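>>> quick check, what structure comes out for this input:
(2 chains)
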There are 2 protein chains.
Amino acid sequence: MQALKQRILRDGKNLGDGILKVDGFINHQVDPALMDVCGMELARRFQNVGATKILTAEISGIAPALTTARNLWLPVVYARKNKPITMPDQVFLTLTPSHTKGREVELIVSPEYLAGGERVLIIDDFLATGATILGLVRLAQSAGAIVVGIGALIEKSFEGGRAALAHLDVPIESLAVITSMEGDEIIFADD
Amino acid sequence: MQALKQRILRDGKNLGDGILKVDGFINHQVDPALMDVCGMELARRFQNVGATKILTAEISGIAPALTTARNLWLPVVYARKNKPITMPDQVFLTLTPSHTKGREVELIVSPEYLAGGERVLIIDDFLATGATILGLVRLAQSAGAIVVGIGALIEKSFEGGRAALAHLDVPIESLAVITSMEGDEIIFADD
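Presented below is the predicted three-dimensional model:
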C-alpha cells in the first residue's frame, strides 16, 4: 500500500540487524489517519473470509486490529502478556520468543472471549519470523477456533514468517513487504 | 454517556473491592463500535482545548485514545511500560503504582514524540485514584508540555482521582461516573 510504504520511507529508520524503527507512526506515536486507511485496506482484503473475531497481541497490534475491526464490524480480542486480576484462573496461554526482550513472553486469552467454532482473523503490526503470530494461532486452536486469515501492516520477508505460516493454508496479507534492509536501505517488494 | 453506562450494566461485573471487570468490551475484548462513539464524545467535549497531541498509557488506554484522536485529527503517544530497543537512551520516565500488579511500573516516553510547548490531552480507560494519569502528567511536564485536559471512559469517583487532579485546573471529563460499588451493585452519577 503506497501510503504506508511512503510513510516508512519518510519517517521509518533502519537501525541495522533487521530492526525497523516505526515509533513515529505505529509503535509509540500512532497516526490515526494512517491507521484508518490501513484498517480499511486490511478489511477490504479479508472481507470474504467470514471472520467472526479479530485476534491480536498487545501492545502494538491493538491499533491496526481496531481499525480493521471497525470496518468489518467485528470485536477485537488482544492477547495479554500479563494475566490481569479480572481474568479467570483457567486461561489459554502460550509462550513466544520476544525479539525485543530477548526472552520468552506469555500470550494469554480468556476462554470467555475465544470460543470453539469462531473464525479468527489475526492482525498484527509486524510479520517478521512469524513467532508471535504462531503463538496467536496456537491460542486460537486451543480454543477450538479456526484461523481464517493473517494480516500485518509490515512484513519483513527476509525473516521467513510467511514460510513459517504456510502450513496453515490461509490468506496472508501485508500492506508493505520489505525484502531487504542492507546498510541503511529499506527495499520494498513490488505490489 | 448512556451507551457506555448501559453496556457496563449489561456486560460489566463488580468483582468486589472496587474492581470493575469490563474485559468483554474494553480491557481484553474491545467493541470497536462502542469505542468509536466514546471517542466521538470525548473529542466533542475537548474540541476547544487546543490540544496538539493525545497522551495515554499502554495497554488499555490505546483504544479510547485512538478513537478520540481520529476525531480531533491528532497524533497519539502511548507511554511504554518497557523501553523498546528502538527508543533512544535518554527518555522521560516516571514510576506509578499499579493496582493490578501490586508494585510500581515504569511509564516511559521518548523525547522524540513529546516536545516543549505541546498541548497535551490525556485520555485513559479508567480514572480511579488518578495515579496513572498523574504519572502521564509528570511525563508531559518533564517534556515542557502543557496538559490541557483529562478524559476517561469510566471514573470511579469514590477512589478520589478527580480531587487528586484538581490542582491542575484543567477540564476533566469521564463518560460514565460510578459513585458506588457496594455489594454487587454498580451505581452511576446522574449525567
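>>> so what's residue A:42 up against?
Going by Cβ atoms under 8 Å, 6 or more residues apart in numbering or on different chains, residue A:42 touches A:64, A:67, A:68, A:71, A:123, A:151, A:173, A:175. C-beta coordinates here come from the backbone N, C-alpha and C atoms, glycine included.
>>> spell out which parts of chain A neighbour chain B.
A:15, A:19, A:21, A:23-24, A:27-33, A:35-36, A:58-59, A:62-63, A:66-67, A:69-70, A:73-78, A:80, A:82, A:84-87, A:100-101, A:109-110, A:112-113 (Cβ under 8 Å from any Cβ of the partner chain).
>>> show the buried residues in these.
A:19, A:21, A:23-24, A:27-32, A:35-36, A:58-59, A:62-63, A:66-67, A:69-70, A:74-78, A:80, A:84, A:86-87, A:109-110, A:113 (16 or more other Cβ atoms under 10 Å in any protein chain shown).
>>> helix or strand: which one has the residue nearest to the spatial centre of chain A?
The residue lying closest to the centre of chain A (Cα atoms, centre = their mean) is residue A:124, at 1.1 Å. Secondary structure from DSSP states H and E places residue A:124 in strand A:119-127.
>>> and for residue A:33?
According to DSSP H and E, residue A:33 maps onto helix A:32-45.
>>> please name every helix or strand in contact with the helix or strand just after that helix.
Next in sequence after helix A:32-45, counting helices and strands by DSSP H and E, comes strand A:53-57. Helices and strands touching strand A:53-57, as assessed by 3 or more Cβ pairs under 8 Å, 6 or more residues apart in numbering or on different chains; DSSP states H and E, comprise helix A:62-72, strand A:76-79, strand A:119-127, helix A:131-142.
>>> not counting strand A:53-57 itself, show me its contacts.
Counting by Cβ under 8 Å, 6+ apart, A:62, A:64-65, A:68-69, A:72, A:74-79, A:81, A:107, A:109, A:114, A:118-124, A:132, A:135-136, A:139-140, A:145 sit against strand A:53-57.
>>> give me the neighbour count for residue A:53.
22 (other Cβ atoms under 10 Å in any protein chain shown).
>>> check residue A:48 too.
10.
>>> distance check, it against residue A:121.
11 Å (Cβ to Cβ, to the nearest Å).
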